[in-house]
Structure formats: C-alpha cells, structure tokens
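[1] with the input below, show me the fold.
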Amino acid sequence: MTGRGVRAWGPDTDDRYVEEALAVVDDSDARGRPGEARSTRPSGKRPDPDQHDRDLEEALALVRDPGPRGTRSGTPAPDPGARHASGTRHRGQDGPEEAAPSAPGRAGRHPADSGHTAHPAMPWPEARAAAARAARSVPRRDPVDLPLDAALGLVLAAPLTALTDLPSFNTSAMDGWAVAGPGPWDVRAEGVLAGHTEPAPLEDGEAVRIATGARIPPDTTAVLRSEHGRTDDKGRLHAALPPAPGSSRTAGTATVAHGQDIRPRGQECHAGEQLLPPGALVTPAVLGLAAAAGYDTVRVRPRPRVDVLVLGDELLTEGPPRGGLIRDALGPMLPPWLRALGADVVAVHRLGDDAEALYRAVAASTADMVLTTGGTAGGPVDHVHPTLRRLGAELLVDGVRVRPGHPMLLARTGESQHLVGLPGNPLAAVSGLLTLAEPLLRGLTGRTTPEPYTLPLSDSAHGHPHDTRLVPVTVRADHAVPLHYSGPAMLRGIAAADALAVVPPVGARSGPERELLDLPWMWAE
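    Here you go, the predicted model:
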C-alpha cells in the first residue's frame, strides 16, 4: 500500500483489493506487525515506527470504501471486524475495530448481535462544529462569585470594572529622591517609604529620600533616580549622570523634567472604567489585575462537571503490563487535561466491560458531561451504543472521519447533559478529546473560540486515504516538525509534542502552512 489512496479501479479489481486489505489486517494481527510481503519500505532501511498503523488504516479504508463510490454496485463492503470479534482487540481503538459501522450479514457484527445501526462517519470539521452547537443548546448555569484563588482558568461572567483609580495616589516609580524646584537641594533627614501616610510638602530647593511605590510629597517637581544623584561635602544633592565605565568622574549634569519618574493617580485606569469584558479568561495576570483594582472575589461561569468512566477488563492501575493485561494510561491522563479545559472532574470510575455497570453509572450521573473511554465500536463487549439506546439518548456524532480516533461519538443524554465517547487507544482518545470534548467544554465554560494558527511543516506528513489525520508535532521557531510514534496506541510522540497538525487526506508536503491544534496542557493551570 502506498498511502496515497490513488488506484486504477475497475469492476474486477475491487474484490481483489478488499482481499489484499484484509490480508494486511490478518497478517498484522497474527504477527504484531504489517505483512512483510506488502511493505513498501525499501529493504535495508530502518523500519518506520508508524508504518504499521498506517498500513492498517489504509487497509481498513479500502475495506470500508473499496472504490470512489464506496462499494461496487451497492454490494456491502466486507467487514474486518468479523475477523477480530475476539482476541487482541481493545474497545473502540483505531485498528481492525475502528472500521466504519458494520454492514449487515457479517458474522459477529450483525446489528442483531451488536445492536448498532450503521451511521455515516462525520467529517472532522463538521464534528467539531456539532460539538460546539451542542454546548449552545445547554441552558446556562447561574454565575458564581469565587475568591480570586479559586477562579483561575474560568471565564468572567460580568465585566471587571475598576473599583478605584490605579494608582490610587501619586507614587514614586523609582528609588531616589523626591525634589522640589531646581537643584542643588537640601536633603531632609527622614526618608519616605512605601505604605506610610502622606508626607509633608516639599519646599523649593528641598529633597527627601523616597522608595519605589511610596506616596509623593505634595509640591514635588520630580523624582531623581538614585544613580542620577550625588551629594557634595556639605550634604547637598546634585543631579549628575552616572560615571562612564572605567571612570571615577561623572559624565555631566542629569536632566530633571517636571513629573519625571512619578506615576500620577489614575495613570492606568479610573474608578468605574471597564478593565475586561465578560467572557475574558481568568489568567494569573487577570487575578493580579483584579486584586490591584480592589476585588476579593470575581463573578465567573461555573466549571462544567465531568464524570470519567474508564472501560475495559484488561486494564491495570499499577505495575508493569503482565499476563495479557495493560496499564490504564487514560485514567491518569484525561482528568488533568479536562481541568485544563476548564472542567471540574467530579469522579473517575473504572467499570471494566460491564454493560449493566455502565448503564447505572451514566443513568445516575448528574454531571454536565460524561466521558467514556473505549467501548465505542460495535464488538461484543462494546457497550456504549447499547447503553445510549437504553437511555433514549440522541446520537449527535457517531464516528468521525479522522485518524486516529475514528469511532468517537457524541450524544445528548439529557437537557443539560452530554456523553462523549472516546476510543480506547491513548492517542486516539487524545484525538477525540480535541475533536469533541474541547469544543463542547469551550461552549459550556463560555471560552471564546481560539484563532486558528498555522505553520509550515518541516517534513511531509503521510495522509490517510479518506480521513483527516492529526499528527503530533513539535514547534521549532517558524515551522512544525512531525514526530514519529504517532500510531493510535502510542503516547511517545504526543508526550514530546507541542501541538497536533491537521493533515488532509491527500497528505501534507513540507513548506505549505497547516493548521495546528494546541494541546490541552498549553492552557493548564
């Protein structure tokens, strides 16, 4: 398979390529790597760590859509899931079970068995738009007043208006002397420090030592910086430029302009002036501004509450993988990313492959969003779709044309509750997080849509035959470098990444700019 999705197609070739595709899947599943007979890697070259997953994606794309019109003469495409109904599967992962919903008539994947009616996968941009629309349909929760130390990462629900002038009195911008009139000046014995009451007025020809932030004495002409003043043997202050490097003599007389190094009252803002509008994200700098303007609390939109349900009997919570079991990477990874997106993670539950436990957990949840991991495909232990039907949920997105992460879904489970189903493979789950959970949470928190940004790629990026690909990249100056280890089950690439590059089905050459998605930790508290 070349990865370009370009083939000469005819009425006698579709079945042959379907068989070839299934052979790649079978060979990979049996040996844990792509079939050597079908590899396009020139002999003698180091294996590409991502080629395995790319071969599988292309194979499955051909199985699912073995021609320009999807299937020949309306004949359903073979379903690779029938060949992997048991064995080395991981619910909802990219790979054999990430093919489009099954066509009827295939053993082990018939709707009568899985209960899953086929739906067309949604293009990636449309899926993100659907998630944003879903958030707008949810009734707004009442704003809350929170202490400053609890408001970080939330969104202002009311304008931030100055409660006082900033600064609220004339202050010194530098350490030095407050002086009145032209020099030289007689210096008072006692200086002026920050936090003290207003000092006595100065008379012409008088100066007083002053600290940064201290109140300016009435009738002060300017502040003379410490490095611009010197005293003579009679204790009188003179304005002088500092000596040149290597010289002990002053360089000349310093200029003392009226108002120099004085911060006048109201220089930054006046009482009643709007500092920030509703919808502004509360950053550390916003907290500092609010405190300086006199606030103890700010009015913000409350965090959406999220329940995380981790599915899978094969998941370990400690120690190395063993006995056919694997470590749960999503349980530790997703909650901090959700918090970085503005959510309040209420609980993380590990349910295994238990349909009844999943139903009870979703039915009992009062969270604004339920996030599940795994179980979104149509296999015998994939219980998310049956649970949604049992709850009478409205399926808004059922599969997205993106790799990794194809079998993700979004459903409305109540007037103010949604469920986001992520695939079970780690990188596929990250893809689902950014595709569906991020736009939904952005709308629920009231965050503004970030301006898209683009950078050229330093190297070409392989494209899926039909779907958008999200490729981990690291940002270097004015370009993005695609990273290896970007298969659906891999975290090595994303762990070193700054963003995900959006690669269209045709692939992306080095040079032209591509859209980048910031990773959630870029917004982490």
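[2] for the rest of this, base every contact and every neighbour count on C-alpha atoms.
    Noted.
[3] quick one: strands adjacent to the longest strand seen in the chain?
    Using DSSP state E to define each element, the chain has its longest strand at strand 468-476. Strand pairing for strand 468-476, using DSSP bridges, gives strand 400-403 (parallel), strand 479-482 (antiparallel), strand 499-503 (antiparallel).
[4] show me the contacts for A214.
    Each residue near A214 by Cα atoms under 8 Å, 6 or more residues apart in numbering is listed here: T171, S172, V192, L193, A194, G195, H196.
[5] which one of these is nearest T435?
    The shortest gap between T435 and any of the contacts of A214 belongs to T171, at 50.3 Å (Cα to Cα).
[6] distance check, that closest one against L275.
    21 Å (Cα to Cα, to the nearest Å).
[7] pLDDT weak spots in the stretch 1-150 of the chain?
    Applying pLDDT under 70 to the stretch 1-150 of the chain flags the ranges 1-119.
[8] for the stretch 151-300 of the chain, which residues score under the pLDDT cut-off?
    In the stretch 151-300 of the chain, residues with pLDDT under 70: 242-254.
[9] which strand or helix spans the nearest residue to T449 once chain neighbours are set aside?
    Closest residue to T449 apart from its sequence neighbours, by Cα to Cα, 6 or more residues apart in numbering: R442 at 7.5 Å. Using DSSP states H and E, the element containing R442 is helix 438-445.
[10] which residues are in contact with that helix?
    The contact list for helix 438-445 (Cα under 8 Å, 6+ apart) reads 128-129, 131-136, 138, 140, 154-155, 301-304, 341-343, 448-449.
[11] of all the strands paired with strand 468-476, which lies closest to P182?
    strand 479-482 (56.5 Å).
[12] what count of nearby residues applies to G195?
    Per other Cα atoms under 10 Å, the neighbour tally for G195 reads 9.
[13] what's the span of stretch 208-222, first residue to last?
    For stretch 208-222, the separation between the terminal residues is 11 Å (Cα to Cα).
[14] can you give me the strands for the stretch 101-250 of the chain?
    122-123, 144-147, 160-161, 171-172, 176-179, 185-187, 206-210, 222-225, 229-231, 236-239 (DSSP state E, counting those that start in this stretch).
[15] again but with the stretch 251-400 of the chain, I slipped
    For the stretch 251-400 of the chain, the strands defined by DSSP E, counting those that start in this stretch cover 262-263, 274-276, 297-300, 305-310, 315-316, 326-327, 344-350, 369-373, 394-398, 400-403.
[16] out of those, which gets the lowest mean score?
    Ranked by mean pLDDT, the strands of the stretch 251-400 of the chain bottom out at strand 315-316, which scores a mean of 80.
[17] re earlier: JSON lines for the strands paired with strand 468-476, including distance to L160?
    Output for the strands paired with strand 468-476, formatted as JSON lines (distance: least, Cα to Cα, whole Å):
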{"stretch": "strand 400-403", "distance to L160": "40"}
{"stretch": "strand 479-482", "distance to L160": "37"}
{"stretch": "strand 499-503", "distance to L160": "32"}
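[18] most tightly packed of those?
    Among these, strand 400-403 has the highest mean neighbour count (mean count of other Cα atoms under 10 Å), at a mean of 27.
[19] my read: D186 touches E206, true?
    Yes. D186 lies in contact with E206 (Cα atoms under 8 Å); the separation is 4.9 Å.
[20] which residues touch S172?
    I210, A211, T212, G213, A214, R215, I216, V223, D261, I262, R263.
[21] tell me how far it lies from T220.
    Applying Cα to Cα, the value for S172 to T220 is 11 Å.
[22] re earlier: would you mark the buried spots in the longest strand of the chain?
    T468, R469, L470, V471, P472, V473, T474, V475 (16 or more other Cα atoms under 10 Å).
[23] beta partners for the fourth one?
    When you say that, I think you mean V471. A501.
[24] now the one 5 residues further on
    Counting by DSSP bridges, R476 is bridged to H479.
[25] and which of the buried residues of strand 468-476 is nearest to L311?
    Closest to L311, out of all of the buried residues of strand 468-476 and judged by Cα to Cα, is L470, at 24.0 Å.
[26] what's the nearest residue to that closest one if we skip its chain neighbours?
    The nearest residue in space to L470 (Cα to Cα, 6+ apart) is V502, at 5.0 Å.
[27] same thing with V402?
    Counting by Cα to Cα, 6+ apart, the residue nearest V402 is T468, at 4.6 Å.
[28] mind checking pLDDT for that neighbour?
    95.
[29] return the distance of it relative to A501.
    Going from T468 to A501 by Cα to Cα gives 10 Å.
[30] tally of neighbours for the closest residue to T220 other than its chain neighbours?
    With Cα to Cα, 6+ apart as the criterion, T220 has its nearest non-adjacent residue at 4.9 Å, and that residue is A180. Around A180 sit 25 other residues, with neighbours defined as other Cα under 10 Å.
[31] next one: L433
    Around L433 there are 25 residues (other Cα under 10 Å).
[32] verify the stated contact: it with G421.
    No. Judged on Cα under 8 Å, L433 makes no contact with G421 at a distance of 9.2 Å.
[33] ok so, going back, pretty sure the residue nearest to L470 is touching D518, no?
    No. Contact between V502 and D518 fails when scored by Cα under 8 Å: they sit 11.1 Å apart.
[34] and T171 and L275? which has more neighbours close in?
    T171 (22 against 16).
[35] skip the chain neighbours and tell me the closest residue to that one.
    R215 (4.7 Å).
[36] what about the one you found, how many residues nearby?
    R215: 24 neighbours (other Cα under 10 Å).
[37] about what we covered before: now compare the contacts of A214 and name the two farthest from each other.
    Across these (Cα to Cα), the longest gap, 12.8 Å, separates S172 and H196.
[38] any shared contact partners between these two?
    Common neighbours of S172 and H196, using Cα under 8 Å, 6+ apart, are A214, R215.
[39] so where do the helices sit in the stretch 301-450 of the chain?
    330-340, 355-364, 384-391, 426-432, 438-445 (DSSP state H, counting those that start in this stretch).
[40] with mean pLDDT added, can I get these in a markdown table?
    As requested, these are exported to a markdown table (pLDDT from 0 to 100):
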| stretch | mean pLDDT |
| --- | --- |
| helix 330-340 | 92 |
| helix 355-364 | 96 |
| helix 384-391 | 96 |
| helix 426-432 | 94 |
| helix 438-445 | 95 |
